[in-house]
Each structure stands twice: as C-alpha cells, then as structure tokens.
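> with the input below, show me the fold.
(2 chains)
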Amino acid sequence: MAWKVKEEPAPGGAAPDVTPQGEHAPTGAQNIFELQAVSVRYSGNLAVKEVGFGVPTNRITALIGASGCGKSTLLRCLNRMNDLIPGARVEGTITYKGQDLYSPRVDPVQVRKRIGMVFQKPNPFPKSIFDNVAFGPRVLGMKEDINLLVENALRRASLWDEVKDRLKDSALGMSGGQQQRLCIARAIATEPDVILMDEPCSALDPISTARIEDLMNELKDRYTIVIVTHNMQQAARVSDKTAYFSVEVGDNDRRYGRLIEYDDTERIFTNPSDQRTEDYVTGKVG
Amino acid sequence: MSDSRRRLRRPSHRPSDRVSRTAAAAGAAVGGSLAVPVDADHLPRATRRDVVRERYFKFSLIACVAVSLIVLAILLIDIVRQGAGALSMDFLNNFPSAFPERAGVQSAVMGTLWLMAICAFFVVPTGVAAAIYLEEYADRKRWFNRAIEVNVQNLAAVPSIVYGILGLAFLVRGPFGFGRSVLAGGLTLGLLVLPVVVIASREALRAVPSSIREGAMALGATKWQAIWHQVLPSAIPGISTGAILALSRAIGETAPLIMVGAATYVAFNPDGLNSAFTALPLQIYSWLSSPQEEFKLLAAGAIIVLMAMLLAINSIAIVIRNRYERKW
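Below is the predicted model:
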C-alpha cells in the first residue's frame, strides 16, 4: 500500500516500499517501524525516555512492564494518537516503512488510516453492529461493496457466525468479548497494515481472552500487531518479540519509562540478558 | 491454532510456575485473614436514634416535594375552574374581539407557533455549533475562549427585558431593521434562550465518552468526521431535550415581546416573516389588564391553552429522550 503524504510526493523522492533493515530485525523479516531515541513529554514532563527498537513486519510485538512505564504512551505514538492530547510532545524519530511519522508533511489522519488501534476497554459506537464496522470504510471512502467489506471484516475477526443474524442490532447488546472482537473487526475493515492493541484483554474474562489471542495469531499473516499487555503469560503466548520497559524515578520524583531489553520473546522469558528483565518476568518485582 | 499456542506457551513455563506459586502464597494469606470468626448473633442492631433520624430526614424531603406540588396543584385547579368555561372550539378559532363572547385566541396561538418555529430555526443550529466549538475545538488555555465560556454562563442569567431592549435596538430598528415583525420577535426569543441551548448542548457533548472520539479517529476519521458521525448522534438526546426545554422557556416570555413591539390586538394570523403578530402570553396580559370580568375568564382559558402547548412540547422532549437514550 503506497504511503500518501497529503497528496504530495514523499520527501526526497524516496520509494515508499523501501524499508530499512534495523539492527534488531530477525533474518527474513523487515521492520515496519523503526524507533530511535524516542522520548515523550506531557506538558514538559518526561514520560518515556530515549527508546529505540524496530518492529518487524507481520509479527506480534509485545510491550510489557509495570504501570507507568510508558508502554501505552509509546504505543499511541505509533499512530499519532498522542497528537490528540494537548501538551504531548514526541522527540526522536519514528519511521514507518522508512518515512518519518512525525514529519510536518505527514497528515496524522492518513497515518491512522494505515495503523489501526484497539483500546483497553471495548469502545463500540452506540450504533448497530453493521454500522460499527462500516464506519471506517465509509469515512475513508472505500469503493468496494460495503456489505462485503463488513462481512469479510467480521469473518476475519471470527465474529461473523455469532452476529450474522443480528447485524442491525445495537453493538452495545453484545458481551464484552464480542464487543472487543467487533472493535478488532472495525479496525481491520479499513485494511490497515498495523494493528496496535492497548491491553485489549484486560477487561475480558479468560475465555474471551483466549479467543482474542487465537485471533491475533490468525491475523498476523496479514497484519503487523503491536500489543501492550500487563499479562506476561499473554506476551509469552502470543508475541514473537518482546520489549520490557521499567519505571525509573528521575529528578523531583518524576517517574518515566525506559526500554530495558528488547529481544525475541523466547529469550526474554527464558534467558534475558538483563537482571531487571529477569526479575520482572519471573515475578520477583512488579 | 492450538498447536502454535502450545508451542508459544513453552518458553513461559518456568516464569509462570513461579508466578503461580507466589499467587498461591498470597491467596493463603488473604484466606487466613478472612478466617476470623464472625458471630452473627452479636451484630449490633440499628439504634433507635438512627431509625428516628432516618425517618425525619425522609419526611422532610417528602415535605419539600409536597410544597412545590401543592402550589402547582392549587394554581392549576384555580385556573381550570375559572377558565374551563371559556374553552370551546370557537375560543380556539376566533380572533380577538371587543366582545368577550366572540373573542378567541387563534391569532395568539398562531403567533406563538410562528415565534417558536423562527426561534428554533435560529437557535438550534447556532447553539449546537457554538457548543461544538467550545467543547471540542476551543483551547481552554486561550484567554478569549475562557472569556466566552464565562460570558455564556452570564448571558443565561440576564433578565429577559434586556434581550427585549437588544431586540428593539438591533433587530426592530438599527442595523437589521426588521420592524415590529414576527421575525424580529422570534430572533429576540432565540437570542434569549441561546445560552441555555449552548450550555445544555455542551453538557450533552461532554457526556459522550472520549473513547468514542478516539475510536473514530483511530479508524482514520478526521476530527470533524468523528464529531459529525459519532459524537453528535450520541449527544442528540441531551441536545434535543435542552433545546426543547429552552423553547418552552421562550414560549412563556412576555417582556421581550412587549419591548420589540408585539401588538396585543391582532385580528389576523401571521402570513410571513414580516407580518405583525401577537402571542399567547401577550394576549393573556392584555385580557388580564382589561377591566371587564369576562375578559379575565378568557385570560384563564388562554392560560390553559398555553399550558397545554407547554405540556405538549415537554412531552416531545421526554419521548425523544426515551427513544434515543443510550448507555455505554
């Protein structure tokens, strides 16, 4: 999918498909995101300090760490949702398919069309199930048959069989797990490249959680997934790469997050190279 | 599927074992603290003083409700007793007349309906748009946005006669020069209730959870698309309730209409925006100030008509609220 920058050609005439090979990139996979020295401030207060890593394409990357370590903040930088928070500022560079996400020529709305998001609490619109899924394609002006788009999205979110007979019913009548899968269906209806998930299972029971984890494994063939989770077992179960963040205390007792270790999930959970990571994943702290 | 999950679970065996052990230890500690024996026979009963206090508190609350209900009931009974005799189809169909037996409220009812239509047509889009700006776009750090907010609150408390003077100076005469027309009257009432609509709409917009905005914008909707397609429809029950209650305030206003020069004796219905007009409150006022007792009874009849219109408008508000009521 070509990367559009407000109807203008890419700066420097760079081909949109060129993706830099990051140092963390596993062989055979390219990185869709590259973060370099990314710091985030809210009204001047440091929230995340100098984070750098690469997110591989069509893999699941988990961000773990204690509350307040800035993993959600960082996730929201990847589709520029932080722009909506007054006073939020992002330093350093984040590239998406080789392009600077925070270049002044990049339209955040265009970014969010390609990088979808699923939130902690299921947030279906107070409309019908159909309208929830159809909203994205409609505002994006997608030309395909809307009924087909909705059906495909619901099928891919393995929700179709449960809701096909009540597409006109309110989405608010669904169970929490169904609502969250509807939110995933809604996100994939616009055919994004990446789906960001901010603790998508924290409000769900174990059975709904298992269904969403299954779904993530199915979806990673087509999408890159970045997931923030408090549940270490979940990170171990679903992700290919894991980034561990810790909370540091700076001047004036201000807390901010830092990346401690980023590696293959298997290594993080079996043989981490940093003592702090080991303490966290084995449950000694946090 | 389950295959890949099993494979992925393996690396976590060691840590998850340790976690579950600590969890079990924590559970044992909690269970221990709960094991303190509780003797149900010795649970203290509510003291007599508490019971009496509770009863007095409840009684005084009911008394307060009763005061307002009784006043309203007396008023209603008195008006209906006096005015019921005046009510008839002729009363609704006739125009004002010097003869009480031939006088009616048709021009006043039609004038009030015209005023409401013009008022609503002006105040709903303007008020909702102002509310959207203040709630969704305005940067609270800017001094002028804070100044607007404070002033909107203040304007809601300005006496209606002041709006009448404003309407006279700017709409009837002055820059707009609409004359003593139903248009000038409706717009004056619109200005009067505009702050109420703005405040009610802002509250309705604020009640829409921000997760709806974020959800829409995360799908690649622009801010305006998110507001227009998701936030505003979710706020419709609150906005329409506020707007209709504002209209029902406008329907009873008399002072500003006197200022903008509504006539009290109009023997025709408004036939256009520039038409002269009267309204129910004015008709009531004019009949009440007449020396003849028969006209006072007509005034009571007109009050019943006005209250019926109010009731109708408020029930529309309730129906809309119930129909669109949402839970998140």
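
> which SS state does whichever residue of the stretch 101-250 of chain B sits closest to chain A fall under?
Closest to chain A within the stretch 101-250 of chain B is B:Gly220: 3.3 Å, counting by Cβ to the nearest Cβ. From N, CA and C alone the C-beta is placed, and that goes for glycine too. Under DSSP: H, G, I helix; E, B strand; the rest coil, the three-state class of B:Gly220 is coil.

> got a list of what the residue nearest to the spatial centre of chain B touches?
With distances taken as Cα atoms, centre = their mean, the residue of chain B nearest its centroid is B:Gly242 (2.6 Å). The contact partners of B:Gly242, taken as Cβ atoms under 8 Å, 6 or more residues apart in numbering or on different chains, are B:Val196, B:Val197, B:Ile199, B:Ala200, B:Ser201, B:Glu203, B:Ala204.

> taking the residues you listed, please make a ChimeraX selection of just the buried ones.
The ChimeraX selection below is limited to those of the contacts of B:Gly242 classed as buried (16 or more other Cβ atoms under 10 Å in any protein chain shown):
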select /B:196,197,199,200,201,204
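
> the residue nearest the centre of chain A pairs with what?
In chain A, the residue lying closest to the centroid (Cα atoms, centre = their mean) is A:Leu196, at 1.5 Å. Bridge pairing for A:Leu196 (DSSP bridges) gives the partners A:Met117, A:Val226.

> right, and B:Ile79 touches B:Ala302 too?
No - B:Ile79 is not in contact with B:Ala302 according to Cβ atoms under 8 Å; the separation is 10.1 Å.

> the more surrounded of those two?
The neighbour count for B:Ile79 versus B:Ala302, taken as other Cβ atoms under 10 Å in any protein chain shown, is higher for B:Ala302 (28 against 16).

> over to A:Arg89: give its phi and psi.
Backbone geometry at A:Arg89, expressed as degrees, to the nearest 10, gives phi -130, psi 140.

> my guess is it contacts A:Arg41, does it?
Yes - with contacts counted by Cβ under 8 Å, A:Arg89 reaches A:Arg41, the gap being 4.8 Å.

> compare those two (neighbour count), which wins?
A:Arg41 (17 against 14).

> what strand or helix carries that one?
Assigned by DSSP states H and E, A:Arg41 belongs to strand A:31-42.

> ok, and B:Phe91, which helix or strand is that part of?
Going by DSSP H and E, B:Phe91 is in helix B:89-93.

> need the next SSE after that helix, C-terminal direction.
Next along from helix B:89-93, by DSSP H and E: helix B:106-132.

> and that next one, what's its mean pLDDT?
Taken as a whole, helix B:106-132 has a mean pLDDT of 92.

> same question, stretch A:254-262
Rounded mean pLDDT across stretch A:254-262 is 89.

> ditto for stretch B:282-302
On average, stretch B:282-302 scores 87.

> also stretch A:132-147?
Rounded mean pLDDT across stretch A:132-147 is 90.

> adjacent strands (with direction) for the strand holding A:Arg41?
Partners of strand A:31-42 in its sheet, by DSSP bridges: strand A:45-56 (antiparallel), strand A:88-96 (antiparallel).

> out of those, which is the most enclosed?
Compared across the strands paired with strand A:31-42, strand A:45-56 shows the largest average neighbour count, a mean of 21 (mean count of other Cβ atoms under 10 Å in any protein chain shown).

> which SSE is immediately downstream of it?
Downstream of strand A:45-56, the next assigned helix or strand under DSSP H and E is strand A:60-65.

> re the thing from before, which among the strands paired with strand A:31-42 is found nearest to B:Arg249?
strand A:88-96 (41.6 Å; Cβ to Cβ).

> so which residues of the stretch 201-328 of chain B form helices?
B:210-218, B:223-226, B:232-251, B:255-259, B:280-288, B:293-324 (DSSP state H, counting those that start in this stretch).

> I should have written chain A there, sorry.
A:71-77, A:108-114, A:129-139, A:146-156, A:160-163, A:176-188, A:206-219, A:232-238, A:265-270, A:275-281 (DSSP state H).

> could those go into JSON lines alongside mean neighbour count and distance to chain B?
Shown next, in JSON lines, are the helices of chain A (neighbours: other Cβ atoms under 10 Å in any protein chain shown; distance: least, Cβ to the nearest Cβ, whole Å):
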{"stretch": "helix A:71-77", "mean neighbour count": "24", "distance to chain B": "9"}
{"stretch": "helix A:108-114", "mean neighbour count": "20", "distance to chain B": "3"}
{"stretch": "helix A:129-139", "mean neighbour count": "24", "distance to chain B": "4"}
{"stretch": "helix A:146-156", "mean neighbour count": "18", "distance to chain B": "11"}
{"stretch": "helix A:160-163", "mean neighbour count": "15", "distance to chain B": "16"}
{"stretch": "helix A:176-188", "mean neighbour count": "25", "distance to chain B": "7"}
{"stretch": "helix A:206-219", "mean neighbour count": "18", "distance to chain B": "5"}
{"stretch": "helix A:232-238", "mean neighbour count": "24", "distance to chain B": "3"}
{"stretch": "helix A:265-270", "mean neighbour count": "22", "distance to chain B": "4"}
{"stretch": "helix A:275-281", "mean neighbour count": "19", "distance to chain B": "5"}
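
> tell me which of those lies nearest to A:Asp251.
Relative to A:Asp251, the nearest member of the helices of chain A by Cβ to Cβ is helix A:71-77, separated by 19.2 Å.

> what's that closest one packed up against?
For helix A:71-77, the packing partners by 3 or more Cβ pairs under 8 Å, 6 or more residues apart in numbering or on different chains; DSSP states H and E come out as strand A:31-42, strand A:45-56, strand A:60-65, strand A:194-198, strand A:224-228, strand A:241-249, strand A:255-264.

> okay, the strands paired with strand A:31-42 in a markdown table with mean pLDDT next?
Below are the strands paired with strand A:31-42 laid out as a markdown table (pLDDT from 0 to 100):
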| stretch | mean pLDDT |
| --- | --- |
| strand A:45-56 | 89 |
| strand A:88-96 | 90 |
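
> with distance to B:Pro96 added, can I get the ones you listed in JSON lines?
Shown next, in JSON lines, are the strands paired with strand A:31-42 (distance: least, Cβ to Cβ, whole Å):
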{"stretch": "strand A:45-56", "distance to B:Pro96": "70"}
{"stretch": "strand A:88-96", "distance to B:Pro96": "65"}
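
> how about residue 64, what does it touch?
I'll assume chain A. A:Lys71, A:Val228, A:Thr229, A:His230, A:Met232, A:Ala235, A:Thr242, A:Ala243, A:Tyr244, A:Phe245, A:Tyr280, A:Val281.

> farthest-separated two in those?
A:Val228 and A:Val281 (15.7 Å).

> what residues are up against the residue of the stretch 101-250 of chain B closest to chain A?
By Cβ under 8 Å, 6+ apart, the residues touching B:Gly220 are A:Val109, A:Gln110, A:Arg112, A:Lys113, A:Arg114, A:Gly136, A:Val139, A:Leu140, A:Thr190.

> how close does the residue nearest to it when sequence neighbours are not counted sit to A:Phe245?
Spatial nearest neighbour of B:Gly220, chain neighbours left out: A:Lys113 (3.3 Å); criterion: Cβ to Cβ, 6 or more residues apart in numbering or on different chains. Noted for A:Lys113: a distance of 28 Å to A:Phe245, by Cβ to Cβ, to the nearest Å.

> again, but for A:Leu204
Taking Cβ to Cβ, one finds A:Leu204 at 23 Å from A:Phe245.

> thanks a lot, catch you later.
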